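*Asks:* need a structure here:
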Amino acid sequence: MISIQEIAQDFHTPVDQIEKDLESIILEGHLEYRIDPISHTLHKKVANGKMQMLKTVFATGEHYKNDTETFMLRMDIASYMGKSGGQSDDVFHI
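*Replies:* Residues are numbered from 1 along each chain as shown. You can find the predicted model right below:
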C-alpha cells in the first residue's frame, strides 16, 4: 500500500492532481495498481491465480491439438504415398 498523500508531499503537488495523473497511468496499463479514493492509497493488483492457470491449460490444449492435427496429416500423407505406389521411405516434413 502506497500513500498518495506522501507522494503529493514529495512532489509538492496537490493530492487531487496526483490521483488524476495516477489514474491516467493506470488506465493506460503502465501500472498494475488500483486507487482507493477514500484512504488516498494505491494498492497493487493481485494476479488471479485461477485465471493464469486456465490460460496455461488452454495454451497447452491448443498446442496438443496442433501437434495432433500435424501428426494426423503426416499419417494421411504417408498412407496416400503407400497406396499410390510411392516408396515407404518417402517422408514429407511439414
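*Asks:* in stretch 18-36, what counts as buried?
*Replies:* By neighbour count on 16 or more other Cβ atoms under 10 Å, the buried set for stretch 18-36 is 18-19, 22, 26, 33, 35. For glycine as for every other residue, the C-beta is placed from the backbone atoms N, C-alpha and C.
*Asks:* Show only the entries of those residues found in strands.
*Replies:* 33, 35 (DSSP state E).
*Asks:* Using CSV, please lay out the buried residues of stretch 18-36 together with distance to Met75 and pLDDT.
*Replies:* Converted to CSV, the buried residues of stretch 18-36 look like this (distance: Cβ to Cβ, whole Å; pLDDT from 0 to 100):
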residue, distance to Met75, pLDDT
Ile18, 63, 93
Glu19, 61, 93
Leu22, 57, 94
Ile26, 51, 92
Tyr33, 52, 90
Ile35, 57, 93
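*Asks:* right, and out of the buried residues of stretch 18-36, which lies closest to Lys44?
*Replies:* Among these, Tyr33 lies closest to Lys44 (Cβ to Cβ), at 5.6 Å.
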